[in-house]
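**Q** give the three-dimensional model of this entry:
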Amino acid sequence: MNKKLLISFSILGIAAVIAIGATVAYFSNTETSKGNTFTAGTIDLKVGDANIVVNGPENNVSAWEPKDLTELNKFFDFSDLKPGDNGSDTIKIKVGTNPAWVCGEINNIVSTEETLTDPENKIQDTMDKGELDDELYITFYRDFDCNGKKDGNDSTIVSWTLLKNVGKFALADSLNGTAFQPDVENCISKMWCFGSVNTETGACDGSTVTNKSQSDKLVADIVFEAIQSRHNDNFVCVQPPQSLQ
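**A** Got it, this is the predicted structure:
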């Protein structure tokens, strides 16, 4: 084999190595999903008050639309209560942008004897404790048309009982009704009475009130709590009592 032929084979070998090592182009396509995001939802409870009635006529001077509550937003604020006084109002509740269970509670009740009047001394009352909480009754009901009157399909949430015995109760949980829906104004109305109550008519009778409650003061908090209902199917505001074995 002559020298020229050897040189030609060497050049072909080098070319083959270059060709094998070169990058080969293929058809291709790329798609990108940009800005993928997780944003947490909200449960933003707002509470309002309307249809305020005290001893007969409606008086909405102190009413307010659903909002974040402050110390100025009181459902009770009476400084000169008399036996037979009674009233009612509608609590408006909105839960924000997600379905939610809602619980209510009356807590932090403090009953005090502010002073002893002559009628209280005559029946041997003492300064140990006030008796107003023994004669103040209240009931709550679901007010579907938000008119402040128990009618139609409205249903009792808390039966007539002493305010001090109300405790925690369900407005909507897995055992009571359905979850409150986003951007819907849900209404819970209540009636109260200083005296005994005809539970059929709701009439308030102050003749049973005794002098022991004169000058007494009762202070309490009314609390509303909203809890997400999604992935929380079995939530209850108050655990039912254990059945007796």
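**Q** which residues in the chain form helices?
**A** For the chain, the helices defined by DSSP state H cover 3-21, 118-122.
**Q** out of the ones you listed, which gets the lowest mean score?
**A** Ranked by mean pLDDT, the helices of the chain bottom out at helix 3-21, with a mean of 52.
**Q** poorly predicted segments of this protein, please.
**A** 1-23, 114, 116, 118-122, 124-126, 243-245 (pLDDT under 70).
**Q** kindly recompute the last result at 80.
**A** For the chain, the stretches flagged by pLDDT under 80 are 1-24, 38-42, 61, 113-128, 242-245.
**Q** give me the distance between the nearest residue to Ile106 once chain neighbours are set aside and Ile222.
**A** Closest residue in space to Ile106, ignoring its immediate chain neighbours: Val166 at 4.4 Å, by Cβ to Cβ, 6 or more residues apart in numbering. Where C-beta positions appear, they are placed from N, C-alpha and C, glycine not excepted. Distance of Val166 to Ile222, computed by Cβ to Cβ, to the nearest Å: 9 Å.
**Q** just to revisit the earlier point, quick one: contacts for the residue nearest to Ile106?
**A** Residues in contact with Val166 (Cβ atoms under 8 Å, 6 or more residues apart in numbering) are 105-106, 138, 140, 158.
**Q** so which of these are in strands?
**A** 105-106, 138, 140, 158 (DSSP state E).
**Q** return the closest of those with respect to Ala50.
**A** Phe140 (15.1 Å; Cβ to Cβ).
**Q** the closest one - how many residues pack around it?
**A** Per other Cβ atoms under 10 Å, the neighbour tally for Phe140 reads 22.
**Q** got a list of what it touches?
**A** Neighbours of Phe140 in contact, by Cβ under 8 Å, 6+ apart: 104, 156-158, 166, 169, 188-190.
**Q** what do you get for His231?
**A** By Cβ under 8 Å, 6+ apart, His231 has no neighbours at all.
**Q** how near is it to Ser196?
**A** Distance from His231 to Ser196, by Cβ to Cβ: 46 Å.
**Q** then Glu105?
**A** For Glu105, the distance to Ser196 - Cβ to Cβ - is 25 Å.
**Q** now do Asn59
**A** 24 Å.
**Q** tell me which of the two has more neighbours.
**A** Set side by side, Asn59 and Ser196 show more neighbours around Ser196, with 18 against 14, by other Cβ under 10 Å.
**Q** which one among the contacts of Phe140 gets closest to Gly148?
**A** Nearest to Gly148 among the contacts of Phe140, with distances taken as Cβ to Cβ, is Ser189, at 5.4 Å.
**Q** kind regards, and thank you for your time.
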